[in-house]
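Student: my questions are about this predicted structure, shown below with the sequence.
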Amino acid sequence: MTAHRWYVGLDIGSSTVAVATATHDAAGQVALAGCEVLPSAGVVRGEVVDAAALEQVLAAALRRVAERTGAPVERVALSVSGLHLRRVTAAAEQRTPRAVRVEADMLEALHRRALRDPRVAGVVLASVPRGCTVDGFPVVDPLAGLYGHVVRVKMEVYSIPTSYVDTRARILARLGAEVDLLMPRAMAAAEAALPASVREQGALLIDLGGTTTDVAVYLDGQIRELFSMPIGVRSVATLGRGVTPVASGARGYPAPRTVPGGGMVDLFHRIRQRLDDLDLGWRLAGGAVLAGGGAGIDGVLGAAQRGLRIPVRLARPGGPRFSDTRTTGAVGLVLAQARLRPLEPAPEGVFGMDETLPDEFEEVEPEPPRPGLWPALGRWLREFVPLGGTD
């Protein structure tokens, strides 16, 4: 009998909580084992306004996971609402008395040093390189055999307040689970919906929630831009006339089955304007993918195509069996968890699972894992920074 250990992703929104589970099959590949969506409570636009209500929802979600897997949930990956991301432009440089060759290790050390900028507060989630200079001259490819006395890198660092993590971590700790991965919601959804080949072409991931819209832009395979708008499918009908207030409970305020086409076009047009301001709109050959609960509403896909003026499709996070756009972020979380926080093999017969996973489980080819298992929450948070190449 082969025992399985489980990856669990929780995407907590104002309207719903999506939970996904995955494990490794007999061949060592990541196998998506289940997804479901529960009504949310106690959260408004990413803020926990009623911890007791949220704890009840998460307890129900983890209980259902335990029933499905036959194992208690010990660690989870969480998404982070884009509205709570803080962006800081940081820089670091290295000066040497004689010219030295620019190496990859040097650039990564400078990236890490930039993260220690005192303006970078809270929990660091991601960084986006914004350029490199050698002896004051901007360079496109700093690893092209260049030598210099002064090497300087600039990057944008995305972080969230520590309180955002603490509240959720305390709730989950009371339920017996530890948070071992945090990821911006749009980046988590991209893990499931944007293949590496599409990210190389340049692509856009839009996660449409009930009260917020999170956006991630990829170029040359790397994250290039993260931003969020305090507008979702609940309030889009009033675009241009003020945003409809959201009830604090949020649970009894369902999203509409259809939305006004003009309002949705306006939302996507605003996103396109933001991309054009950043000189990114024309560079997205891979098109756009819509994820989140709002993506499945009638009329959204056509509105996105009109507002963005690029090819648009809906996310299919887990193949034909797990195709609900509401679960895209949760599926992406377990895929990222398997890649960045790989589990050690379970002892034989620990959880009493069947010898193999059911045939209908969707298998996903994982990226090669990073060596070793990073430390738990308090120590790794400032280390989880997906570093890419410089522009």
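Tutor: Received it, and whenever you're ready, just let me know what you need.
Student: what sits up against the biggest helix by length in the chain?
Tutor: Scanning the chain for the helix with the most residues, using DSSP state H, yields helix 51-69. For helix 51-69, contacts defined as C-beta atoms under 8 Å, 6 or more residues apart in numbering pick out 4, 6, 8, 10, 12, 17, 19, 21, 23, 33-34, 36, 38-43, 48, 72-73, 76, 167, 171-172, 174-177, 249, 251, 351, 353. In this view, the C-beta of every residue, glycine as well, is placed from N, C-alpha and C.
Student: which of the residues you listed count as buried?
Tutor: The neighbour-count test (16 or more other C-beta atoms under 10 Å) marks 4, 6, 8, 10, 12, 17, 19, 21, 23, 33-34, 36, 40-43, 48, 73, 76, 171-172, 177, 249, 251, 351, 353 as buried among these.
Student: quick one: which of the residues you listed sit in strands?
Tutor: Mapping those onto strands (DSSP state E) picks out 8, 10, 12, 17, 19, 21, 23, 33-34, 36, 43, 48, 76.
Student: report the two of these separated the most.
Tutor: Largest separation among those by C-beta to C-beta: Thr23 and Val48, giving 29.4 Å.
Student: show me where the stretch 201-350 of the chain has its helices.
Tutor: 261-277, 300-308, 328-340 (DSSP state H, counting those that start in this stretch).
Student: can you say which of these is packed in most?
Tutor: Neighbour counts (mean count of other C-beta atoms under 10 Å) averaged over each of those peak at helix 328-340, with a mean of 28.
Student: and that helix, what does it pack onto?
Tutor: strand 7-12, strand 16-24, strand 30-39, strand 75-80, strand 178-184, helix 185-193 (3 or more C-beta pairs under 8 Å, 6 or more residues apart in numbering; DSSP states H and E).
Student: swap the cut-off to 6 Å and go again
Tutor: Helix 328-340 sits against strand 7-12, strand 16-24, strand 75-80, helix 185-193, with contacts defined as 3 or more C-beta pairs under 6 Å, 6 or more residues apart in numbering; DSSP states H and E.
Student: that helix versus strand 7-12: what angle between them?
Tutor: Between the axes of helix 328-340 and strand 7-12, defined by axes from the mean of the first three to the mean of the last three C-alpha atoms, to 10 degrees, the angle is 140 degrees.
Student: what is the top strand by length along the chain packed up against?
Tutor: Using DSSP E, we find that the single longest strand of the chain is strand 86-101. Helices and strands touching strand 86-101, as assessed by 3+ C-beta pairs under 6 Å, 6+ apart, comprise helix 104-114, strand 147-160.
Student: pull out the buried residues from the last one.
Tutor: What it means is strand 147-160. Gly148, Val151, Arg152, Val153, Lys154, Met155, Glu156, Val157, Tyr158, Ser159, Ile160.
Student: wouldn't Val102 be in contact with Pro142 here?
Tutor: Yes. Using C-beta atoms under 6 Å, Val102 is in contact with Pro142, at 4.8 Å.
Student: and the longest helix of the chain, how far out from the chain middle?
Tutor: Counting by C-alpha atoms, centre = their mean, to the nearest Å, helix 51-69 is centred 21 Å from the centre of its parent chain.
Student: residue ranges in this structure under the pLDDT threshold?
Tutor: Scanning the chain with the threshold set as pLDDT under 70 gives 1-4, 236-262, 319-321, 344-391.
Student: please parse it into its domains.
Tutor: The record's domain parsing of the chain by automatic domain parsing lists 7-83+163-379, 86-157.
Student: would you point to the one among those domains that's packed deepest?
Tutor: Of the domains of the chain, domain 7-83+163-379 is the most buried (mean count of other C-beta under 10 Å), at a mean of 19.
Student: for that domain, the distance to its chain's centre please.
Tutor: 6 Å.
Student: got it, and stretch 152-166?
Tutor: Taking mean C-alpha positions (C-alpha atoms, centre = their mean), stretch 152-166 and its chain are 14 Å apart.
Student: picking up where we left off before, list the contacts of the longest strand of the chain.
Tutor: 110, 113-114, 117, 119-120, 147-159 (C-beta atoms under 6 Å, 6 or more residues apart in numbering).
Student: and it, which strands flank it?
Tutor: Here strand 86-101 has these sheet partners by DSSP bridges: strand 147-160 (antiparallel).
Student: what's the angle from the partner strand to helix 104-114?
Tutor: 40 degrees.
Student: pull the CA atoms of strand 147-160 into PDB?
Tutor: Extracted in PDB, the C-alpha atoms of strand 147-160 (Å, rounded to 0.1, in the frame of the first residue of the first chain):
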ATOM      1  CA  TYR A 147      32.600  43.800 -16.600                       C
ATOM      2  CA  GLY A 148      32.300  46.900 -14.300                       C
ATOM      3  CA  HIS A 149      33.100  48.600 -11.100                       C
ATOM      4  CA  VAL A 150      29.600  49.500 -10.000                       C
ATOM      5  CA  VAL A 151      26.700  47.100 -10.600                       C
ATOM      6  CA  ARG A 152      23.200  48.400  -9.600                       C
ATOM      7  CA  VAL A 153      19.800  46.600  -9.800                       C
ATOM      8  CA  LYS A 154      16.400  48.100  -9.300                       C
ATOM      9  CA  MET A 155      13.300  46.200  -8.500                       C
ATOM     10  CA  GLU A 156       9.700  46.500  -7.400                       C
ATOM     11  CA  VAL A 157       8.900  44.600  -4.300                       C
ATOM     12  CA  TYR A 158       5.300  43.500  -3.400                       C
ATOM     13  CA  SER A 159       4.500  42.900   0.300                       C
ATOM     14  CA  ILE A 160       1.500  42.700   2.600                       C
END
